[in-house]
Structure formats: C-alpha cells, structure tokens
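[1] build the 3D model from these lines:
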Amino acid sequence: DKSAFAKRVTLTFDDGPNPLTTPKVLDILKEHGIHATFFINGTRVRGETERAILKRIVAEGHILANHSQNHLDLKTVSASKLESEIQKTHAEIVGAGVTPRYFRFPFGSASCSGMKRVQDLGYIVTGWHIDTADWCFAKSSTGYCSPSTFRYVPDQYRNSLEGYAMSQVRAKDGGILLFHDIHPNTVAVLPH
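    Purely as a prediction, here's the structure:
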C-alpha cells in the first residue's frame, strides 16, 4: 500500500564502521537534524578508532544495530556459526553502551530456522523497502551502475545514485532506504 509510508523515510546504513566515511555520514546527518540506523559488521571494529565511532553513533541519537560479524550469507552457515556471527557483533554494540534490538541479515538472505534463531535471541529482523544501489554505483570510479551488476536501475539513472534513490522514494511514497556508510559516493550524494 503506497499510502502506508505517508512520505516518511528511514535511512539505514550497512557494513560500517569505516573511519574514513562513517564520521562524514554522521556529520551530514547532524547538520540536517536526521537520525538513522547503522547496521554494523563486527569485523570492521578493529580498535579504539572504530569503537569511538560506535559511541558517537549512540551519543548522537542514532540506532546501532547488528549486521553480523563477517557479512556472510547466513542462510548457508551452521546454527553455531550463525549464533557466533551474531554474538560477536552483539558484544561490540554492548561495548558502545547500548543493547542492540535490530538485526539485518547480510544480503537479506535468511532461512526460516535462522530467522527464528535471531528472533529467539531477542532481535527484531529488519529489511528494507528501497535498495538505493549505492553499492552498485560505488563499483565504478565514475559512479556508473552497470546493468550487469544491478539490472533494476533504469538506464536514465545509471549515472545518478541520487536520481535513482529519489525515484524509488517517490514511487513507494517513502519506506526504509538501504545505504552503505562505507562508500565515498554515498557520502557525496547524501546531502542532496
């Protein structure tokens, strides 16, 4: 139902923290008074620099959420590996001062048993309505999203992450947007 979103959007960012780009995303959000959800990969938390970014995310009123440890296709791993992937990142988020409530499966790929296990651990599983394809635009140094990489971007938007994302927001009248705070092109387009 298109009217369900009533022109409201939720910005979500996957795969960080990245010391080069995540602080810039946070600066942009702060400048515009916008809060977002950051689904982090625990393996990217390598030391105090990244832990400080997680604490900043929390301090500035954003939601810090779990996106697994290594960004594996969790549909294909054992139950013990699934739990390990969740728990390691869970510990990093708790270390930032909050208990995570939301989990996003890498690639949106989940089995029924995996979904149940994540829910049994107390998480709310979160997807997205709009894949902005920022990851596709990031594959090219010129910001071009190739049809062979992601066929769903219309040709008129192959060179415009901003145009594609906004066309999807308008078509759905809002929704949860999937971005990645690890890509410089996302940082460049975000203010627009």
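[2] going by C-alpha atoms from here, please, whenever you check contacts or count neighbours.
    Noted.
[3] which helix of the chain spans the most residues?
    helix 79-95 (DSSP state H).
[4] which outside residues touch that one?
    Defining contact as CA atoms under 8 Å, 6 or more residues apart in numbering, one finds that helix 79-95 is touched by 40-43, 45, 51, 54, 64-70, 74, 99-100, 114, 117.
[5] that helix: which residues count as buried?
    If you call a residue buried by 16 or more other CA atoms under 10 Å, then helix 79-95 has these buried ones: L82, E83, E85, I86, Q87, K88, T89, H90, E92, I93.
[6] with stretch 9-29 instead?
    Residues of stretch 9-29 classed as buried: 9-19, 21-26, 28-29 (neighbour count, 16+ other CA under 10 Å).
[7] mean confidence score for it?
    Computed over stretch 9-29, the mean pLDDT rounds to 98.
[8] and for that stretch, what's in contact with it?
    Residues outside stretch 9-29 that contact it (CA under 8 Å, 6+ apart): 35-41, 44-45, 49-50, 53-54, 57, 67, 71, 169, 174-184, 187, 190-191.
[9] now which of the residues you listed would you call buried?
    Neighbour counting by 16+ other CA under 10 Å classes 35-41, 44-45, 50, 53-54, 57, 67, 71, 169, 174-184, 187, 190 among the contacts of stretch 9-29 as buried.
[10] which ones among the residues you listed map onto strands?
    Per DSSP state E, strands hold the following members of these: T37, F38, F39, I40, G175, I176, L177, L178, F179, H180.
[11] if I look at the last one, how far off is I40?
    If I follow you right, that is H180. According to CA to CA, to the nearest Å, H180 stands 10 Å off from I40.
[12] low-scoring pLDDT stretches of the protein, where are they?
    Applying pLDDT under 70 to the chain flags the ranges 1-3.
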